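A.B. asks: How does the following fold in three dimensions:
(one chain, ligands or ions: 1)
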Amino acid sequence: MKRIRSARDLAVNGAPPAFRQPLHVGRPHAVDRAAFFDYANRIFDRRRLTNDGPVVRELERRIADMLQVRHCVAMANGTLALEGAVRALGLKGEVIVPSYTFIATVHALHWQAITPVFADIDPHSQTIDPAAVRRVISPRTTGIVAVHLWGRPACIDQLQGIADEHGLKLIFDSAHAFGCSYRGRMIGGFGACEVLSFHATKFFHTFEGGAVVTDDTHLANTLRLMRNFGFSGIDSVASSGTNAKMTEMAAAMGLVNLDGLDNLVATNRRNYEIYREALKDIAGVRLLPYDERERHNYQYIVLDVAKTFPVSRDRLVRALRAENILARRYFWPGCHNMQPYCDLYPQAGLGLPNTRAIADRVVVLPTGDQMNEEKIRTVVSVIATLGQPPADSV
Ligand code: T4K
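C.D. replies: Residues are numbered from 1 along each chain as shown. From the prediction side, this is the model:
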């Protein structure tokens, strides 16, 4: 690794990059292999590999306990969990959703023949703006899917108030928010249900995986049927369904990772604090803060690059990537600008000024156990170098 001292040091003109090995956003953390192989051996001994096996049940119980909810229904991935939740709650017609999210949030609606109606975000929290939600409610609206983006809770109380007032179902896409809290209560117990992703790039993962968490016993039972083709007994099918089951190996990965969760939070938190301190004097960039009164997983290091920063957000991302710092501009350019939504709803962007502005400003930086203080300071030195005013302006 080399120190960046000036703009000339940046990996342009064929100079070697700052890092030989790429730094990823979403790099899976190191796994306790001995613990995992121990589970794996027991799974092979038992020869129960999938279909509601004991390891999946144990994972569901531990997650429900941790989040203080009655039910955790494990699924093959977060997208199928979202689709299942939407379907089991009987959503149809139009459902209100932010455009500034991972595309799966919106696809899950479209895949169920529901019209996603985009509502703008609040520029500070970057989560769906309750006032914007109110503006797009129509007689066809049946629900709201809000996202706890970057693990920072959406305006839960206000959204629940709107949902109650208009008789709408409220689902939270909590893919980023495992281990986070809202007003002291764990994310997982809000709305009609919350949906988690346990993808490998997530803070907590099961290789691929997800879950619906809820206090609603009827909803949980419906989802358990749905994820297993609708089977209610050996020969009886009680409903339409799909295959969204989590495997025993995936659940074993989950149990091992649950045991290491506190260490991971500590690592992510340390990284966040080093980034915060190192970035604080660079004009034109702002690290999105985490509310210190709440619990967080600190999984996303999100930089807001203002128009006043000497180079554009995209130039900054290119410069970082040239140094093997694989920063990402999630979730650019907003779901409404992606297919099929840009063709289906070409006017959608008119009501989304904050979405557009934020999508053009965000850069997500690497964190997790691949990072240490020296690496973080090198990443920040690249940003600082680009943040120097042009020579003729000083
Ligand atoms: N709702 C929200 C708000 C979500 O963010 C997501 C998923 C969902 C719903 C749906 O949940 P799932 O159905 O996925 O469970 C990733 C993930 O694929 C996706 O799960 C996640 N959100 C999204 C935010 O990020 P990419 O496009 O960033 O993945 P990729 O392949 O570019 O990987 C990121 C970086 O990590 C790369 O530099 C490579 C590195 N990497 C990745 C993997 C998978 C590794 O080093 N090792 C690995 O195993 O989508």
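A.B. asks: which residues touch the closest residue to residue 166 other than its chain neighbours?
C.D. replies: Beyond its immediate neighbours in the sequence, the residue positioned closest to residue 166 (C-beta to C-beta, 6 or more residues apart in numbering) is residue 137, lying 5.8 Å away. (Glycine included, C-beta is placed from N, CA and C.) Contacts for residue 137 (C-beta atoms under 8 Å, 6 or more residues apart in numbering) come out as 96, 162, 166, 168.
A.B. asks: Tell me how many other residues surround residue 143.
C.D. replies: By other C-beta atoms under 10 Å, the residues close to residue 143 number 26.
A.B. asks: Tell me which other helices or strands the host helix or strand of it touches.
C.D. replies: Element membership for residue 143 (DSSP states H and E) is strand 141-147. If you count contacts as 3 or more C-beta pairs under 8 Å, 6 or more residues apart in numbering; DSSP states H and E, strand 141-147 packs onto helix 78-88, strand 94-98, helix 103-110, helix 156-166, strand 169-173.
A.B. asks: Selection in ChimeraX covering whichever of the contacts of residue 137 are buried, please.
C.D. replies: Buried residues among the contacts of residue 137 (16 or more other C-beta atoms under 10 Å), as a ChimeraX selection:
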select :96,162,168
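A.B. asks: can I get the contacts of residue 137 in JSON lines with pLDDT and distance to residue 105?
C.D. replies: Compiled in JSON lines, these are given as follows (pLDDT from 0 to 100; distance: C-beta to C-beta, whole Å):
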{"residue": "96", "pLDDT": "98", "distance to residue 105": "11"}
{"residue": "162", "pLDDT": "98", "distance to residue 105": "18"}
{"residue": "166", "pLDDT": "98", "distance to residue 105": "20"}
{"residue": "168", "pLDDT": "98", "distance to residue 105": "17"}
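A.B. asks: picking that back up, out of the helices and strands packed on strand 141-147, which is closest to the ligand?
C.D. replies: helix 78-88 (2.7 Å; C-beta to the nearest ligand atom).
A.B. asks: what's next to the closest one, contact-wise?
C.D. replies: Contacts of helix 78-88 (C-beta under 8 Å, 6+ apart): 73, 75, 95, 104-105, 107-109, 111-112, 114, 143, 145, 171, 173, 175, 192-193, 195-199, 209-212, 219, 222-223, 226-227, 242, 244.
A.B. asks: cool, and stretch 347-354?
C.D. replies: For stretch 347-354, the external contacting residues (C-beta under 8 Å, 6+ apart) are 99, 118-123, 129, 132, 135-136, 334, 336-337, 341-342, 355-356.
A.B. asks: Now do the longest helix seen in the chain: everything it contacts.
C.D. replies: In the chain, assigned by DSSP state H, the helix with the most residues is helix 261-279. Helix 261-279 is touched from outside by 29, 179, 203-204, 257, 285, 287, 289-290, 296-299, 301, 303, 365, 367-369, 371, 373, 376-377, 379-380, 383, with contacts defined as C-beta under 8 Å, 6+ apart.
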